[in-house]
Structures are given as C-alpha cells and as structure tokens.
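*Asks:* Test case, fold it:
(one chain, ligands or ions: 2)
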Amino acid sequence: MHKTGITRFVSDLHLSAERPDLTARFAAFLADTAASKITALFILGDLFDAWIGDDDLAQPFNAEVCSLLRKLSDQGTQLFFIAGNRDFLIGDTFAQAAGLQRLTEVEKVGAGETAILIMHGDTLCTDDTDYQAFRQQVRNPAWQDSFLARPLAERRAEAAALRQKSRAATKEKSQTIMDVNAEVVRQALITSGCRRLIHGHTHRPGCEQILLADGTDGVAERWVLSDWDSHRGDALEVSAEGSIRRIDQSGE
Ligand code: LP5
Ligand code: MN
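*Replies:* Numbers count the residues shown, from 1 in each chain. Ligands and ions are numbered 1, 2, ... in the order given. Next up, the predicted model:
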C-alpha cells in the first residue's frame, strides 16, 4: 500500500475554527512530519470536530486544513485517512483536494509479523448499543445522500444539535459501555492475523497486552491514540523495522 519507511498515526484531532490552538499544533506536527521525511501519515478518524459535506470546503477554516494536508503530500509524505464518527462524510472531493487516500474502515498496514491492524475504534465499542444503532443509520448511503442534499446551513445546525445530544448522552453512559469490547478486539486481531492494533476514538491512550487464546498462545498489542488538546498532540511512529513508539507534538 505504501513504500517502506517510517510511518505515523494520529486520530481524534477534532479540529474546528473555534480551536485555533489545535490547528496550530497540527500545522507544527505536519511540518515536523515533512522535515522528518516520514513515508506515510495515517489519520485514523475525527480529524475534524464535525464534517458536514465536501461542499463546505469553501469555508476558510476547512480550506486552511485542506491546504496544510496538501502541502505535506506535495512534500512527499503519502496521506491516508480512515473516517471517524465525526467526519465520515469526508468524500472524494476533499480527499483529492487534500492529496489523501481514503481507506475502508478496517485496514492492514505492512505484512508478516510487523503488520498492524488500523481502524478508528468506534466499531470495537459494541456495548454502546445506542451509538451502534446511530452509526448504522448515518453510515447508510441513502441516508447520507439525503443529508448531503440539504442546504449547508441546515446541515450545520443539525450537526451542532447532534454534538449537543452526544455530549448529553455520553455524560449518562458508563465508562465501561463506552470502551472497547475485549472479545471484539481479540476476534479482530485473530481474524486479521495481525499482532498489533492501532486505533483511536476512546480517548484513552495506552498500550495493552492481549492474550489471543486462538490456539497459538499468541500475545498481541493494542495501541490506543489520544485525542489532541491544548497541551497534547499525540501520535504513534512506526520505524522501518516495525517498532512502535509514542511521540508528542508539544508545540512548544
Ligand atoms: O462524538 P462524541 O465523542 O461526543 O461521542 C461519540 C458518539 N457520538 C457521536 C455523535 C457525534 O458526536 C456527532 C458528530 C456530528 C458530525 C457529523 C455531521 C454529519 C451528520 C449529521 C447527522 C444529523 O458519534 C457517542 C458515543 C461516544 O462517541 C463514545 O463512543 O457514545 O454516541 C452517541 O452519543 C449516540 C447516542 O447514544 C445516540 C444518538 C442520539 C441522537 C439521535 C438523533 C438522531 C439524529 C438523526 C440522525 C440519523
Ligand atoms: Mn471518534
């Protein structure tokens, strides 16, 4: 899929016009990624706080983020994107303008022992049944077509209302319900044959050992990316040899 070399993974930046500090941090991260001659950058969803359709690219903030990405791809780093629950409406128009390649919701990077399974992470949270029902609805192509046919202003208001509902809903849900389901994680690893998984979404950065119990006594690693905030720009970097380390774009 990509040339061998050093790769980086980020997720959950939640960029918005209201948070110029995050955009500045991301711009610094992209500049460092270019300077470090990184082969490929994988954005594992929730790049934006909310994306209401590629026809909103004319909005100055969206155009700014798009050109930051474009600059990196023009400088030689391949860009890949897996959609999150905030920006699943990113389509071909944005991808082409930003110079990124859209991937399907679950992908395998690399081969052999160092292959890595990547995804946004929301599909692992199967105990959050309200969210999964919601997800099924908004990932339906017919629903998306009808949503995208509505005026931008209406879509913007709808997205803001939905963000509000989500904030209220997540306050009520237990932390356990909103985390990944251990069995689903194990099955995803076993099915893919990968021994490492990288995902975001849960905003619980860490690295967990997982006993696969698939008859091989195999052990896998689950690397979870953090969301970005005023003092943190979390990323994972994978060396050409395949070892994973956490890096932080402090922005200072
Ligand atoms: O995002 P976050 O961290 O707050 O919580 C997520 C889940 N919430 C969501 C909703 C998004 O935040 C909203 C993003 C809007 C941008 C997209 C715009 C384009 C579509 C506009 C659609 C009208 O994903 C949250 C999880 C949490 O992660 C942890 O995993 O729990 O899930 C929810 O809050 C969903 C609720 O539980 C159920 C949905 C309630 C609203 C139902 C209204 C239906 C609106 C019509 C859409 C079909
Ligand atoms: Mn998410």
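
*Asks:* Sticking with residue 42, tell me its helix or strand.
*Replies:* Using DSSP states H and E, residue 42 falls within strand 40-43.

*Asks:* which stretches of the stretch 51-200 of the chain form strands?
*Replies:* Counting by DSSP state E, counting those that start in this stretch, the stretch 51-200 of the chain has strands at residues 78-81, 100-102, 106-109, 116-119, 196-199.

*Asks:* give me the number of residues near the closest residue to residue 61 other than its chain neighbours?
*Replies:* Leaving aside its sequence neighbours, residue 61 sits nearest to residue 17 (Cβ to Cβ, 6 or more residues apart in numbering; 3.9 Å). (Glycine included, C-beta is placed from N, CA and C.) By other Cβ atoms under 10 Å, 13 other residues sit near residue 17.

*Asks:* and the stretch 1-150 of the chain, which of its residues are near ligand 2?
*Replies:* 46, 84-85 (Cβ under 5 Å from the ion).

*Asks:* Which residues of the stretch 101-250 of the chain lie near ligand 1?
*Replies:* 122, 125, 128, 130-131, 134, 137-138, 158-159, 162-163, 165-167, 169-170, 173, 178 (Cβ under 6 Å from any ligand atom).

*Asks:* Just the ones of those residues in helices?
*Replies:* Among those, the ones falling in helices (DSSP state H) are 130-131, 134, 137-138, 158-159, 162-163, 165-167, 169-170.

*Asks:* Just put the strands of the stretch 51-200 of the chain in CSV and tack on mean pLDDT and mean neighbour count.
*Replies:* Formatted as CSV, these follow (pLDDT from 0 to 100; neighbours: other Cβ atoms under 10 Å):
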stretch, mean pLDDT, mean neighbour count
strand 78-81, 98, 20
strand 100-102, 98, 18
strand 106-109, 98, 16
strand 116-119, 98, 23
strand 196-199, 98, 24
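
*Asks:* want to throw the ones you listed into a markdown table with distance to residue 26?
*Replies:* Converted to a markdown table, the strands of the stretch 51-200 of the chain look like this (distance: least, Cβ to Cβ, whole Å):
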| stretch | distance to residue 26 |
| --- | --- |
| strand 78-81 | 13 |
| strand 100-102 | 14 |
| strand 106-109 | 21 |
| strand 116-119 | 19 |
| strand 196-199 | 19 |
